[in-house]
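Student: Give me a model of this one.
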Amino acid sequence: MLIRITLAGCLSAALSLMSHAQTMAYSPMGGIVTNASHPQLSSDIQSQLPKAAVAQLDIHSHMNSAGEEVIVYSLDEHDMDCHIAVFRDGKLVNDFSLHSFADPNNHIEQKFMEYQFFSYLEVPAPSSTADIFSFHNYGDGAGTVLVVLAPDASRYKVALFHQDSHSQIRYFSASLTAELWDGDDYSCVWCPAHFMVSKLAWKNGTLVVVSKFTKKGPFSPYPMSDQPIRLIQRKSPPSATVKH
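Tutor: Take a look at the predicted model:
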């Protein structure tokens, strides 16, 4: 069974613009990278999205037992202003913008419209699976947005929304826990920096912070930005647990 990660570009030196999409499929034989264009949606699916919608990702996910089709699309000519739409049985169930993830009550003045889709990974969760999406800001690519989407009865909810510089989520498949790594040198975003690590655990269907520490370093920010989502197939430390 393949675990698919779709990459919409890679970082290059201090300034970064997203290139043409690539698809990476991990299997026991290793990873294979191939070029890919924008996914072609069916006319029925396309008709339920805004007219200007351009698909960045179209995958069949398994958050609910019956499965769902998840589409990341943009409303900007530079592939920005991203949305995540979820379909069940060909019908639109939810359509979230990055801004609605960050601010469901529309209280934040900053709009998350300058981010581009970068990568995706489906991971095991306590009751089924969860979908992790990453986005990089247009321009230098240092800013990272991470979104974890999880099932909520017959619908879906945000299990995690995170925005910082050179962020990376490390998901431990054996223990179903995670770590968030964030760079802490905002005066020189592409210089080696110490990283703040937040340990996460599932509680009531969301990922919550259970502890934090600063990782000794400094570490280069490039590996974090190149791979904002990592699946680690070993157990995380016992401290990354939470009591229900």
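
Student: The longest strand belonging to the chain: what's the following helix or strand?
Tutor: Taking DSSP state E as the criterion, the chain has its longest strand at strand 206-219. The helix or strand immediately downstream of strand 206-219 is helix 222-226, counting by DSSP states H and E.

Student: Please, where are all the helices along the chain?
Tutor: 43-47, 98-102, 222-226 (DSSP state H).

Student: deepest of the ones you listed, which one?
Tutor: Among the helices of the chain, helix 98-102 has the highest mean neighbour count (mean count of other C-beta atoms under 10 Å), at a mean of 20. Bear in mind the C-beta positions are built from the backbone N, C-alpha and C, glycine included.

Student: Share the number of residues neighbouring Trp181, please.
Tutor: If you count neighbours by other C-beta atoms under 10 Å, Trp181 ends up with 21.

Student: do you know how far it is from Gly67?
Tutor: Applying C-beta to C-beta, to the nearest Å, the value for Trp181 to Gly67 is 31 Å.

Student: same deal with His99?
Tutor: Distance of His99 to Gly67, computed by C-beta to C-beta: 27 Å.

Student: Spell out for me which residue occupies the centre of this structure.
Tutor: For the chain, Phe133 is the residue whose C-alpha lies nearest the centre (C-alpha atoms, centre = their mean; 1.7 Å).

Student: beta partners of it?
Tutor: Beta bridges link Phe133 to Tyr120, Val147, judged by DSSP bridges.

Student: wait, it sits on His83?
Tutor: No. Counting by C-beta atoms under 8 Å, Phe133 sits too far from His83 to count as a contact (10.9 Å).

Student: shared neighbours of those two, anything?
Tutor: Taking C-beta atoms under 8 Å, 6 or more residues apart in numbering as the contact rule, Phe133 and His83 both touch Val72.

Student: Low-confidence stretches in the protein?
Tutor: Counting by pLDDT under 70, the chain contains low-confidence ranges at 1-36, 101-112, 235-244.

Student: picking that back up, is it possible to export the helices of the chain to TSV including distance to Asp76?
Tutor: As requested, the helices of the chain are exported to TSV (distance: least, C-beta to C-beta, whole Å):
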stretch	distance to Asp76
helix 43-47	17
helix 98-102	12
helix 222-226	21
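
Student: do you know which of those helices lies nearest Val189?
Tutor: Of all the helices of the chain, helix 222-226 sits nearest to Val189, with 9.6 Å by C-beta to C-beta.

Student: what's the burial count for Ser154?
Tutor: 9.

Student: next one: Ala53
Tutor: Ala53 has 18 neighbours, counted by other C-beta under 10 Å.
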